[in-house]
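K.L.:
I'll drop the sequence and a predicted model, then ask my questions.
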Amino acid sequence: MTTKTEPLQINEPDVLAEVTAAFERYETALVNNDVSVLDELFWDSPHTLRFGATENLYGHGAIREFRAGRPSTGLARTLGKTVITTYGRDFATANTEFVRHGSDRTGRQSQTWLRTADGWRVVAAHVSLLD
């Protein structure tokens, strides 16, 4: 039996504003190495993952350990072509390109956001650099 569902609402203005604010808060914390905010904005779950330029991290604990041990310098960057899309009221993606200050390499970052009881949280992330 098939059930007809309501059409998925894409980029409802209030939801898009919430996710954009969470994304901007994350970006500010990232370039300022505010590890407590970065830890807060990743879903505290063993199901959370982050694939970085040099690491594959499974679970909030592994992500937290990585953040605590990484260098806190050279984090400034300029974003470009950021696309945030919300799907319904509780799910979103954020994708952006970036260039770290002092580098000419383009990086890419993707995040999957989920509305939780604690607010919007990243449940999956990927960072890579183009040659």
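P.N.:
Here it is on my side, so go on.
K.L.:
Can you report phi and psi for residue 58?
P.N.:
Torsion angles at residue 58 (phi, psi; degrees, to the nearest 10) stand at phi -120, psi 120.
K.L.:
Nearest residue to it in space, please, no chain neighbours.
P.N.:
Leaving out its chain neighbours, the residue that sits closest to residue 58 by Cβ to Cβ, 6 or more residues apart in numbering is residue 49, at 5.4 Å. All C-beta atoms are positioned from the backbone trio N, CA, C, and that covers glycine.
K.L.:
hang on, isn't the one you found packed against residue 60?
P.N.:
No. Under the criterion of Cβ atoms under 8 Å, residue 49 makes no contact with residue 60, lying 9.5 Å away.
K.L.:
quick one, what contacts residue 85?
P.N.:
In this structure, residue 85 makes contact with 10, 11, 92, 93, judged by Cβ atoms under 8 Å, 6 or more residues apart in numbering.
K.L.:
Secondary structure element for it, which one?
P.N.:
Element membership of residue 85, judged by DSSP states H and E, is strand 77-87.
K.L.:
Follow the chain on from that strand and name the next helix or strand.
P.N.:
Note on strand 77-87: by DSSP H and E, the next helix or strand toward the C-terminus is strand 91-100.
K.L.:
Can I get that following strand as CSV, trimmed to CA atoms?
P.N.:
Output of strand 91-100 as CSV, limited to C-alpha atoms (Å, rounded to 0.1, in the frame of the first residue of the first chain):
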residue,chain,number,x,y,z
PHE,A,91,16.9,18.5,8.0
ALA,A,92,19.4,20.6,6.0
THR,A,93,22.6,20.6,4.1
ALA,A,94,25.3,23.3,4.0
ASN,A,95,28.0,23.3,1.3
THR,A,96,30.7,25.9,0.8
GLU,A,97,34.0,26.4,-0.9
PHE,A,98,36.8,28.1,1.0
VAL,A,99,40.4,29.4,0.7
ARG,A,100,42.6,29.6,3.7
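K.L.:
Thanks a lot, see you next time.
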